[in-house]
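Chemist: Structure, please.
(2 chains)
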Amino acid sequence: MLIKKMVLFVLVGTSLLSSGSTFFKGLTDIVDGAEKEKAEKHKVLNYAFKQRMRTQLIARDVLLIKMNFNTAYYQKEALKNADAFNENFYKLINSKEEIENAKKQYPNFGKKIEDLNATWSKFYKSVKNISKDSNDTKSMHFIVENNIKILENIAYIFTSFIKSYQSHDKLEASMAHIKSMLYTQVGKPRLYFNQIVKEKLAIKEKIHLNESQKDIETIITKMDRLMKALKSGDKDLELSGTEDRVILEKLLISQKIWEEGKELLLKKKLTKIEWATLIEKNDLFIKAQTKVVTLVRSSNDN
Amino acid sequence: MKFRLIAPLLLISCVNAGEVKITENLDALIIKENGQEIKIERIQDTKNRLTSSFTKTSRECPPYCVQPMKIGKVETIGELDLLKYIEEMQKEESDMLLIDARTRDWSSEGTIPSAINLPFTMLNKDSKYLEKILKLLGASRRNGEWDFQSVPSMIIFSNGIWDAQATKAIKSLVSLGCPESKILYYRGGMQSWSILGLTTK
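Modeler: Next up is the predicted model:
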C-alpha cells in the first residue's frame, strides 16, 4: 500500500532572530567571549593539573638511571619532564590575578608557592645534573626524597585554585564540583602507577626500605578501589561510575594493563626482563588511561 | 504578550520519507539555518537506541533534581508545540527566540535546530554580561528597572526534567522583571527531544 507522506516545508524569510541575523551573531559573540575568558582562567588550572604526574615520573626515571636501565633514554626523559614542569610552574606563578585571588582566600597559599619555588629550583638543578652525570648520587637522593613534597604542594595549589574559581551560583558550583571530582579521580591512576613503580625502585636501590614497602601496599589498595570505582561508582570517592560503552572499553584496557603490572609489583624480586616489562606496562598504562581521561572530559555522562 | 496559534501548513509535498513519523500527518519539518536546509525528523531506524548521556537514569541531586511542571505562571510546552514555534520562528515577522540555557560544555554536544546558546549563568543578576545581553535582547532601563516590552518571546530549555538550568534561567529573567507571558518552558528539553530521535545540530 502506498502511504502518502507529508513533509512540512517552511518558507524561509530573514527573521531578525534567525541564525544569520546580527542579533544572533551578537549574542553568540558575547557567549563565545565569555567562554574564551573562562578558558583562559582554566589554563592556570591545567598548568597545575599537568604537574602532578610529572614529579613522580621524574623520580621514577632517575631511579631507572641509577639501576643503569636505558640510562641515556631516561636521562633525556627526566630532563624533558623537568623542563615541562619548569615551564608550566612559571606560567602558573606568573598568573598574577589568579594567584592574588587565591591568596585572599587561602592565607597559606603564598607560603606554599614560596616553598614550592625553593624546593623546585633545587630539584630542577638536580635533574639537570643527572642528565649530564648518571652517577650523581647526591642529586638522585634529593629527587627521591623531595618529589612527594613537591607533589603535595602542587596538590594544595591545585585544590586552592579550584576552590577560588568556585562560582557564587549554587547550581553552577555544584555542577562544576561533580566534574572536577571526576576529572581529578580519573587522572589519579596514572599518578598511582608511577608512584608504586617509583617506590618499588626505591626498595631495589635500598632507599627508604620500610616506608616504600608500606607505601606500595597502601597505593595498590587505593588503585584497585579507584579502578573499580571508575566503572561501578563509589560514594565515598564521589564517583558514580559509567555506563558509557566507549569509556568502559577503554577502562577495561587500562584495567588489564594494571592487573598485569600488579602481578609484577607484588613479586619480591624482579629479574631484569621483568623490570623492563613492568616499566613497559607503566608507560602503556599512562597512555591507555590518558585516553580514558580525554573521553571522560568530553562526555557529560556524569 | 500572547503566543499566536501556528500558521497553517505552507507547503505539503509527497516525498519518500521513512516510517517513523513525527505525527500521523507530519513526517518532517524543513527549516533553514545559516543558509543551510535542516530537516527536522525522527531517526528512521526503528532499532536505534540512544547511547548518549541521555540514557542515564540517575544523577546526583542536588544539583540534578526533578523540575516542577510549571515555573510560576510560565507556560510549559511539549515537542509538538515546540515544532510549531520553530516553524513560526522562520517567518520574517517572527518575534520569538529558542534559548538553550545550558552551559557550553553541554550545548556543544548537540542542541535543537534554530536554538541559540545562552547559558543560565550569564543571566544571573551579578553576571558581568547581563546588561549587554539584555540590551541586545531589546530590553531597556527605565528608572533603574528593566523594561522587557521590546524583548522577543523566549522558549527556554535545558537537558530535561532532571536539569535546573532552564528553570534557573527563567527565574532569573522573571526576577529581572521579564513578564512570565513572554516565556515558554520546554521542560522535556534535550533528553525528550533525543529520546524521540529528533534531529539535533
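Chemist: residues touching the closest residue to A:Asn70 other than its chain neighbours, list them.
Modeler: Spatial nearest neighbour of A:Asn70, excluding adjacent residues (CB to CB, 6 or more residues apart in numbering or on different chains): A:Leu64 at 6.8 Å. Heads up, the C-betas are built off the backbone N, CA and C, glycines and all. Shown in contact with A:Leu64 (CB atoms under 8 Å, 6 or more residues apart in numbering or on different chains): A:Asn70, A:Tyr74, A:Leu201, A:Ile279.
Chemist: looking at it, the second one is touching A:Asp61, isn't it?
Modeler: Same thing as A:Tyr74. Yes. With contacts counted by CB atoms under 8 Å, A:Tyr74 reaches A:Asp61, the gap being 4.4 Å.
Chemist: Among those two, which residue is more densely surrounded?
Modeler: Neighbour count, other CB atoms under 10 Å in any protein chain shown: between A:Tyr74 and A:Asp61, A:Asp61 has more, with 29 against 24.
Chemist: A:Leu79 is in contact with that one, correct?
Modeler: No. The pair A:Asp61 / A:Leu79 is not scored as a contact, 9.2 Å apart, by CB under 8 Å.
Chemist: before we move on, what SS does the residue nearest to A:Asn70 have?
Modeler: Here A:Leu64 is recorded as helix under DSSP: H, G, I helix; E, B strand; the rest coil.
Chemist: With A:Lys268 instead?
Modeler: Applying three-state DSSP: A:Lys268 is coil.
Chemist: So what's the residue count around it?
Modeler: Neighbours around A:Lys268, by other CB under 10 Å: 6.
Chemist: And A:Asp133, by the same measure?
Modeler: 12.
Chemist: so what's it up against?
Modeler: Counting by CB under 8 Å, 6+ apart, A:Asp133 has no contacts.
Chemist: all strands in chain A, in order from the N-terminus.
Modeler: A:7-9 (DSSP state E).
Chemist: So which residue is smack in the middle of it?
Modeler: Most central in chain A under CA atoms, centre = their mean is A:Gly187, positioned 4.7 Å from the mean C-alpha point.
Chemist: quick one, domains of chain A?
Modeler: By the assignment in automatic domain parsing, chain A contains the domains A:39-165, A:187-302.
Chemist: could I get the ones you listed as TSV with mean pLDDT?
Modeler: Output for those, formatted as TSV (pLDDT from 0 to 100):
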stretch	mean pLDDT
domain A:39-165	87
domain A:187-302	91
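Chemist: So which helix or strand of chain B has the lowest pLDDT on average?
Modeler: Least confident helix or strand of chain B, by mean pLDDT, DSSP states H and E, is strand B:12-13 with a mean of 40.
Chemist: if we can go back for a sec, and the nearest residue to the residue nearest to the centre of chain A once chain neighbours are set aside, how many neighbours does it have?
Modeler: Excluding its sequence neighbours, the residue lying closest to A:Gly187 (CB to CB, 6+ apart) is A:Val293, at 5.3 Å. A:Val293 has 16 neighbours, counted by other CB under 10 Å.
Chemist: Quick one: residues contacting the nearest residue in space to B:Cys178 that is not next to it in sequence.
Modeler: Nearest residue to B:Cys178, sequence neighbours excluded (CB to CB, 6+ apart): B:Phe148, at 4.5 Å. The contact partners of B:Phe148, by CB under 8 Å, 6+ apart, come to B:Gly138, B:Ala139, B:Leu176, B:Gly177, B:Cys178, B:Pro179, B:Lys182.
Chemist: 10 Å - rerun?
Modeler: Contact analysis of B:Phe148 by CB atoms under 10 Å, 6 or more residues apart in numbering or on different chains lists B:1, B:134, B:137-140, B:154, B:173-174, B:176-179, B:182-183.
Chemist: Buried subset of those residues as a PyMOL selection?
Modeler: With 16 or more other CB atoms under 10 Å in any protein chain shown as the burial test, the buried ones among those are selected in PyMOL as follows:
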select buried, chain B and resi 134+137+139+154+173+174+176+178+182+183
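Chemist: Summarise which helices and strands the host helix or strand of B:Ala169 is packed against.
Modeler: Element membership of B:Ala169 [criterion: DSSP states H and E] is helix B:165-175. On a contact count with 3 or more CB pairs under 10 Å, 6 or more residues apart in numbering or on different chains; DSSP states H and E, helix B:165-175 meets helix A:170-204, strand B:96-100, helix B:130-137, strand B:153-157, strand B:183-186.
Chemist: Tell me, how many residues neighbour the closest residue to B:Leu123 other than its chain neighbours?
Modeler: Excluding the flanking residues, the one nearest B:Leu123 by CB to CB, 6+ apart is B:Ser172, at 4.1 Å. Neighbour count of B:Ser172, defined by other CB under 10 Å: 20.
Chemist: What residues does A:Lys149 make contact with?
Modeler: With CB under 10 Å, 6+ apart, A:Lys149 has these contacts: A:Thr55, A:Asp115, A:Leu116, A:Thr119, A:Trp120, A:Phe123.
Chemist: Same list, those residues, but as TSV with distance to chain B and neighbour count please.
Modeler: As requested, these are exported to TSV (distance: CB to the nearest CB, whole Å; neighbours: other CB atoms under 10 Å in any protein chain shown):
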residue	distance to chain B	neighbour count
A:Thr55	29	28
A:Asp115	34	16
A:Leu116	30	22
A:Thr119	35	16
A:Trp120	33	23
A:Phe123	35	24
